[in-house]
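Student: sequence unknown, structure follows:
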């Protein structure tokens, strides 16, 4: 088996795994611009659409809990290839689907692929980073994740507008990209030191005493940020069409992409903010963004939605990276994976159960009231997180430390 060596090969391998990460996560949000065609074809209600979307979160949680630590035993390359196989299987299932059960299975498989990649690809990117790029490796991993999530709606939005067969074309394109990603991962060296005897076990979820004081505010802020992510991936397209009157898949995909691009920007900005201000400023950005999203409803203002999207994305990116950094710094090294897994479980619950509730609200009260309800319920969560952060600042927030110990 190939092993990691410094030099030009590591640069190529690093970029290959970064691109595989982006491509895989792109597939998880690809259906965003296709949902309206499913509604037209099968007569799905808003609730059904959000249930289909939530199947993704179930797949992510299952993969995180069951195979979250398997790459330490089986190797990074094998698990990344398994994740890409799950992504390809999801695309094929979408192509062959002719109803609700097929779409739910496809989203479940898509979630499994994301659950495998969330931890494994992050570690692989950090381990493959060339020495000159090592201090930016964690940013490369988290940004690849967010930009991949944002690129899915943008790619599918362009394809459904410009090419025929809108319920098939995006998945054919993604399958081709997955093949390229597989070739890149296959050529990359293995970075994990594999044990002589494989011991596979379910990932344990627990919180050591050292992190309990900082986990709650970080989890609340992360939960609110991922509720926003779920809203934009599953519900915002209907808001853009019904309230603002924009029906172009390109426009809808670009607005959803803006959220994730600004999240990546927020992760970059986070390193330039004093450590004790990072999570509070992330919460403030989320608050401002949620107010902008709420304002766009009575004003029917695209500008308000764009401003809210950008601010929410930046706030979500800052709070996500700062929260991960805080938990990583506080966690005992031998239990760090458990703590981070617990954090991601909270995040992916945030894009499943609340989104289903939003779908019910859309069906019962309409998209305008549901959007205001979403903002009205999410803002208090952020305020509570902000209060806990400010109150706990003297003892809970270190002056240094970001994700993975990177400056």
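Tutor: The structure has been received and is ready for your questions. Quantities reported herein were computed from a predicted structural model and do not represent experimental measurements. Numbering: from 1, shown residues only.
Student: The nearest residue to residue 157 once chain neighbours are set aside: how many residues sit nearby?
Tutor: Spatially, and ignoring its direct neighbours in sequence, residue 157 is nearest to residue 253 (2.5 Å; Cβ to Cβ, 6 or more residues apart in numbering). The way it works is simple: take the backbone N, C-alpha and C, and place the C-beta from them, glycine included. Using other Cβ atoms under 10 Å, the number of residues around residue 253 comes to 27.
Student: Show me what the host helix or strand of residue 253 is packed up against.
Tutor: For residue 253, the element it lies in under DSSP states H and E is helix 249-270. Other elements packing on helix 249-270 under the criterion 3 or more Cβ pairs under 8 Å, 6 or more residues apart in numbering; DSSP states H and E are helix 137-162, helix 209-234, helix 236-242, helix 278-299, helix 302-330.
Student: Does anything pack onto the shortest one? Which helices or strands?
Tutor: Meaning helix 236-242. Against helix 236-242 (3+ Cβ pairs under 8 Å, 6+ apart) you get helix 35-42, helix 249-270, helix 367-396.
Student: deepest of these, which one?
Tutor: Ranked by mean neighbour count, those are led by helix 249-270 with a mean of 23 (mean count of other Cβ atoms under 10 Å).
Student: Just the angle for it relative to helix 35-42, thanks.
Tutor: 140 degrees (axes from the mean of the first three to the mean of the last three Cα atoms, to 10 degrees).
Student: Could you give the separation of helix 249-270 from the chain centroid?
Tutor: Distance, stretch centre to chain centre, for helix 249-270: 12 Å (Cα atoms, centre = their mean, to the nearest Å).
Student: Lowest mean pLDDT among the helices and strands, pick that one out for the chain.
Tutor: Sorted by mean pLDDT, DSSP states H and E, the helices and strands of the chain end with helix 336-350, the least confident at a mean of 78.
Student: continuing past it, what's the next helix or strand?
Tutor: Trace forward from helix 336-350 with DSSP H and E and the next one is helix 353-365.
Student: Now do that following helix: everything it contacts.
Tutor: 45-51, 53-54, 57, 227, 230-231, 234-235, 238, 369-370, 373-374 (Cβ atoms under 8 Å, 6 or more residues apart in numbering).
Student: how much does it deviate in direction from helix 367-396?
Tutor: Going by the same axes, to 10 degrees, helix 353-365 makes 150 degrees with helix 367-396.
Student: Roughly how far does residue 258 sit from residue 49?
Tutor: Separation of residue 258 from residue 49 (Cβ to Cβ, to the nearest Å) stands at 21 Å.
Student: Tell me if I'm right that residue 307 and residue 293 touch.
Tutor: No - counting by Cβ atoms under 8 Å, residue 307 does not reach residue 293; the two are 9.2 Å apart.
Student: Compare those two (neighbour count), which wins?
Tutor: Using other Cβ under 10 Å as the criterion, residue 307 and residue 293 rank with residue 293 on top: 26 against 18.
Student: The more buried one reaches residue 310, doesn't it?
Tutor: No - using Cβ under 8 Å, residue 293 is not in contact with residue 310, being 10.9 Å away.
Student: Quick one: low-confidence residue ranges for the stretch 1-150 of the chain.
Tutor: 1-9 (pLDDT under 70).
Student: tell me the contacts of residue 257?
Tutor: Taking Cβ under 8 Å, 6+ apart as the test, what residue 257 contacts is 150-151, 153-154.
Student: likewise residue 105?
Tutor: Per Cβ under 8 Å, 6+ apart, neighbours of residue 105: 55, 93, 97.
Student: Dump those into TSV; add secondary structure and neighbour count as well.
Tutor: Listed next are those as TSV, based on DSSP: H, G, I helix; E, B strand; the rest coil; neighbours: other Cβ atoms under 10 Å:
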residue	secondary structure	neighbour count
55	helix	19
93	helix	19
97	coil	19
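Student: so can I have CSV of the residues you listed showing distance to residue 78?
Tutor: Shown next, in CSV, are the contacts of residue 105 (distance: Cβ to Cβ, whole Å):
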residue, distance to residue 78
55, 25
93, 22
97, 28
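Student: So which of those residues is the closest to residue 187?
Tutor: Closest approach to residue 187 among the contacts of residue 105 (Cβ to Cβ): residue 93, at 27.4 Å.
Student: per-domain residue ranges of the chain.
Tutor: Following automatic domain parsing, one finds the domains of the chain at 1-191, 206-407.
Student: I'd like these as a markdown table, with distance to residue 200 appended.
Tutor: Formatted as a markdown table, the domains of the chain follow (distance: least, Cβ to Cβ, whole Å):
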| stretch | distance to residue 200 |
| --- | --- |
| domain 1-191 | 6 |
| domain 206-407 | 14 |
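Student: ok so, going back, of the contacts of helix 353-365, grab the buried ones for ChimeraX.
Tutor: Those of these that count as buried under 16 or more other Cβ atoms under 10 Å are selected in ChimeraX with:
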select :46,47,48,49,50,51,53,54,57,227,230,231,234,235,238,370,373,374
